[in-house]
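S.K.: Curious how this folds, go ahead:
(chains A, B and C)
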Amino acid sequence: MPELPEVETVVREIRGELLNRSITAARFAVPRQLQPHTPRGLARAVAGQTIRDVRRRGKHILLQLDRGLLLVHLRMTGRLYVREAADGERAHERAWFDLNDGRVLAFRDARTLGVIRYLRDGETPLMLNRLGWEPLSDRVSPEELRTVLSRRTIAVKPLLLDQKVWAGIGNIYASEILWEARINPRKRASRLTRSEMERLCQWVPRVLQRALDRGGSTLRNFVGADGRGGSYQRELRVYGREGEPCPRCRAPVRRFVQAQRSTYYCPRCQNTK
DNA sequence: CTCCGATCCTGATGGC
DNA sequence: TGCCATCAGGATCGGA
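M.R.: Below is the predicted model:
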């Protein structure tokens, strides 16, 4: 599920169910996902604390507790939702936070690449403090972007996946953003023209906001916290559409691999060398 | 610093 | 049906 629009959707869905509930107990199935904590240590740290706020930074979900922050990163296949304890486990659940209203905050993650951490008050790990701009709330000028990109020889598409630039963009929206901005995904970041940087600053928030408005994208039967899933996947312009006509110029969409990830683009309208 | 590739995992899918 | 290769919405690590 999880790029910024999907993570934000999850946060909005679970927020109301978690605010002012307290965690009575917690259990964890995969110790590796908790490092450097142990399952017992983490359970002891959060038990008895009340959830005061639920928010997002980049792709991280942050639960503000009385004395610290519970951080959840969904990575590739993680999902986070509240269910009735009596309903029983769903497939691949890896962590459970019992709430004082008889429900459970469950973390489901088939590939177990997701991460759960507890940060005591004042503790800010590299994970969080290296993150870049928040796309929906930080206004970024082309000049600021140019400063950040000046020494980056990496291609612009993998650059968008670098969370130290903008935090929250993932593989789907990177392709979508570059299609909207008509930028060649292979172009080196430092070589973008002034106009391309302007378009990037415009389209990064626009694409993510539009996806958020639709509740995010749901691919391969993954669903959001409430089990309904978003609808934006139907509106993806190029991602997953190899061979289909570009919605702008009808040229066939192409797929190729950059930094071990698929990139989709239109060779005609994004051919700016 | 920046970069690139390998790596961590499991499950779904498609070809034979 | 079974087997195998490939792919997957992410991020970190080590070496160059």
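
S.K.: neighbours of residue A:88, just the number please.
M.R.: Other residues lying near residue A:88 total 9 when counted by other Cβ atoms under 10 Å. The way it works is simple: take the backbone N, C-alpha and C, and place the C-beta from them, glycine included.

S.K.: I'd like to know how far it sits from residue A:104.
M.R.: 10 Å (Cβ to Cβ, to the nearest Å).

S.K.: again, but for residue A:156
M.R.: 42 Å.

S.K.: Where does residue A:152 sit: helix, strand or coil?
M.R.: Secondary structure state of residue A:152, per DSSP: H, G, I helix; E, B strand; the rest coil, is coil.

S.K.: so what's it closest to, chain neighbours aside?
M.R.: Computed as Cβ to Cβ, 6 or more residues apart in numbering, the closest residue to residue A:152 that is not its neighbour in sequence is residue A:189, at 4.0 Å.

S.K.: mind listing what the one you found touches?
M.R.: Applying Cβ atoms under 8 Å, 6 or more residues apart in numbering to residue A:189 gives the contacts A:149, A:152-156, A:159.

S.K.: Pull out the buried positions in the least confident helix or strand in chain A by mean pLDDT.
M.R.: In chain A, no helix or strand scores lower on mean pLDDT, DSSP states H and E than helix A:126-129, which sits at a mean of 84. Using 16 or more other Cβ atoms under 10 Å as the test for burial, helix A:126-129 gives A:127-128.

S.K.: Just give me the neighbour total for residue A:63.
M.R.: Residue A:63 has 26 nearby residues by other Cβ under 10 Å.

S.K.: Then residue A:52?
M.R.: By other Cβ under 10 Å, 12 other residues sit near residue A:52.

S.K.: same question, the one 4 residues further on
M.R.: Counted by other Cβ under 10 Å, the residues lying close to residue A:56 total 20.

S.K.: Quick one: residues in contact with the least confident helix or strand of chain A.
M.R.: With Cβ under 8 Å, 6+ apart as the test, helix A:126-129 has contacts from A:57, A:60, A:71, A:73, A:117, A:119.

S.K.: Ok, stretch A:262-273 next?
M.R.: For stretch A:262-273, the external contacting residues (Cβ under 8 Å, 6+ apart) are A:157, A:171, A:174-175, A:178-179, A:182-185, A:187, A:193, A:196, A:238-242, A:246, A:248-249, A:251-257.

S.K.: Mind checking which of those are buried?
M.R.: Among the contacts of stretch A:262-273, the ones that count as buried by 16+ other Cβ under 10 Å are A:157, A:171, A:174-175, A:178-179, A:182-185, A:187, A:196, A:238-239, A:241, A:246, A:253-254.

S.K.: So which of those residues belong to helices?
M.R.: In helices, judged by DSSP state H, the following of those are found: A:157, A:171, A:174-175, A:178-179, A:196.

S.K.: Relative to DNA strand B, which of the residues you listed is nearest.
M.R.: residue A:157 (10.4 Å; Cβ to the nearest atom of the strand).

S.K.: I'd like to know how far the closest residue to the closest one other than its chain neighbours sits from DNA strand B.
M.R.: What sits nearest to residue A:157 in space, not counting adjacent residues and going by Cβ to Cβ, 6+ apart, is residue A:185, at 3.6 Å. Distance, residue A:185 to DNA strand B, by Cβ to the nearest atom of the strand, to the nearest Å: 12 Å.

S.K.: Per-residue pLDDT of residue A:185, please?
M.R.: Residue A:185 is assigned a predicted lDDT (pLDDT) of 97.
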